[in-house]
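# mind folding the following:
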Amino acid sequence: MSDLIYLVWLHSLWISQRKLSNIFEKKDNYKEFYEKLSLTNLRPFCSEKEISNILSKKDNLNFDKINSVLKERNVELITIKDNKYPDLLKQISIPPYLLYVRWKIDNSPKIVIIWSRSMTSYGKKVIEKLVPGLSKYFTIVSWWAFWCDSEAHNQTLINNWKTISVIWTWIDIDYPIQNKNLFDEIVNKNWWIISIFPIWEVGNSYNFPIRNEIVSAISSWVIVIESAEKSGTLITANLALEQWKDVFAVPWDIYKSNSIWCNNLIKNGNAKMVTIVDDILEEYNIITKNKQETNVIDFWNDIEKIIYDILLLESLDTDELIQKSNLSLSNISINLSMLEIKWIIKKSINWKYEIT
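A predicted model of the protein is given here:
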């Protein structure tokens, strides 16, 4: 059994993601740390009360049940030190140390679609109009709420493209239960469901802002379909702006409550107005099939050209590209995403980028 199972057990004892990052910053000694779990090795990271609770829970931890759930649900465990860990997620102030993933995640270009929980017929029509075109170029990311977010996932599945659901419970909980069939369909088509919460964690209001930060962090772009004056949608949009992500918004009736913040984001210059897919594609010089010119590479900036010239010589992963180019992780990540969207480069099975 992989030593990562000991990391899951530690997380199941309610040792937080932040504490896991501190404990294993320099050494991945998961098994050793777990087996020697005591006041001595926990004291640098936890309070006396926390230590008492952790040691008490260890005595009652149902190892077989945890292992069974991981196996039955085919859960992949990815740490921040893993090459598969999303590059953009590493850039937030406190990135989660451990991800629970059903199926496999990659660093393909991602765009998050968000809206208010109370979906309207207008919002549904907008999703049906935008998602088919966007899903050709982006992996569609959304929350796991009933109706609104499930519609974004459903439209992506209909078009047989990639989608990611970031949930606010542990990965063994199908909540809301109305989404169980959609949950299974995403997994059956080998797309991804991600959680950062410990085993048997049920949904609660404290998990919303954490989940929202992950949603905005793993995506390069955010589209706001509908947003009332007070909603989690606005929180996610603000997080995206703080993370220097590009935000797009769909305008609507000024007398409708669900349009208040979409219209305000546009009016205040914090979001670009979107009415058709090309409003987004043209922002990044992505050439649609109707406009495509053969044998012409349209670089967005000089960094894209630098990356392209390096990859002409050899296939490289992200870390190798950083070394070769002397560029920062943030510059590399965003420009790799853009080059992938335009089908100029692709990622091979060994996680190295190459010219298409």
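# show me the beta-bridge partners of V112.
Counting by DSSP bridges, V112 is bridged to V141, V222.
# how near is it to N22?
Distance of V112 to N22, given as CB to CB, to the nearest Å: 29 Å. For the C-beta atoms, the positions are set from N, CA and C on the backbone; glycine is no exception.
# repeat for R211
According to CB to CB, R211 and N22 sit 22 Å apart.
# so for these two, which sits in the more crowded spot?
For the pair R211 and N22, the greater number of neighbours falls to R211 (22 against 14), based on other CB atoms under 10 Å.
# residues near the residue lying closest to the more buried one once chain neighbours are set aside, how many?
Closest residue to R211 apart from its sequence neighbours, by CB to CB, 6 or more residues apart in numbering: W168 at 4.2 Å. A count of nearby residues for W168, using other CB under 10 Å, gives 26.
# likewise T356?
Counted by other CB under 10 Å, the residues lying close to T356 total 9.
# what separates it from R211, distance-wise?
Between T356 and R211 the computed distance is 34 Å (CB to CB).
# L89 now?
Using CB to CB, one obtains 13 Å as the distance from L89 to R211.
# so how far does stretch 302-322 reach from one end to the other?
End-to-end span of stretch 302-322 (CA to CA, to the nearest Å): 15 Å.
# chain center to it, what's the gap?
Centre-to-centre, stretch 302-322 and its host chain are 24 Å apart (CA atoms, centre = their mean, to the nearest Å).
# tell me the buried residues in it?
For stretch 302-322, burial by neighbour count (16 or more other CB atoms under 10 Å) applies to 303-304, 306-308, 310-311, 315-316, 318, 321-322.
# want to throw the residues you listed into a markdown table with secondary structure, pLDDT and distance to N204?
Listed next are those as a markdown table, based on DSSP: H, G, I helix; E, B strand; the rest coil; pLDDT from 0 to 100; distance: CB to CB, whole Å:
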| residue | secondary structure | pLDDT | distance to N204 |
| --- | --- | --- | --- |
| I303 | helix | 91 | 42 |
| E304 | helix | 90 | 43 |
| I306 | helix | 91 | 46 |
| I307 | helix | 91 | 42 |
| Y308 | helix | 89 | 46 |
| I310 | helix | 89 | 46 |
| L311 | helix | 88 | 45 |
| S315 | coil | 84 | 44 |
| L316 | strand | 89 | 43 |
| T318 | helix | 90 | 35 |
| L321 | helix | 91 | 40 |
| I322 | helix | 91 | 38 |
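# need the max-distance pair from those residues.
For the buried residues of stretch 302-322, with distances taken as CB to CB, the pair at the greatest spread is I303 and S315 (18.5 Å).
# point out where the stretch 101-250 of the chain drops to low pLDDT.
104, 116-118, 143-149, 174-180, 182-183, 187, 189-190, 203, 229-232 (pLDDT under 70).
# same thing but at 90, please
Within the stretch 101-250 of the chain, the stretches with pLDDT under 90 are 102-110, 113-129, 131-194, 198-216, 218-220, 225-245.
# and for F248, the neighbour number?
Counted with other CB under 10 Å, residues neighbouring F248 total 23.
# report the contact partners of it.
For F248, the contact set (CB atoms under 8 Å, 6 or more residues apart in numbering) comprises 221-224, 271-274, 279-280.
# how about a cut-off of 10 Å?
By CB atoms under 10 Å, 6 or more residues apart in numbering, the residues touching F248 are 111, 113, 130, 221-225, 237, 262, 265-266, 271-274, 279-280, 283.
# just the buried residues out of those residues, in PyMOL syntax.
To isolate the buried subset of the contacts of F248 in PyMOL, counting by 16+ other CB under 10 Å, use the following:
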select buried, resi 111+113+130+221+222+223+224+225+237+262+265+266+271+274+280
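# which of the contacts of F248 fall in helices?
130, 237, 262, 265-266, 279-280 (DSSP state H).
# just those residues: which has the poorest pLDDT?
In this model, the minimum pLDDT among the ones in helices among the contacts of F248 belongs to A237 (86).
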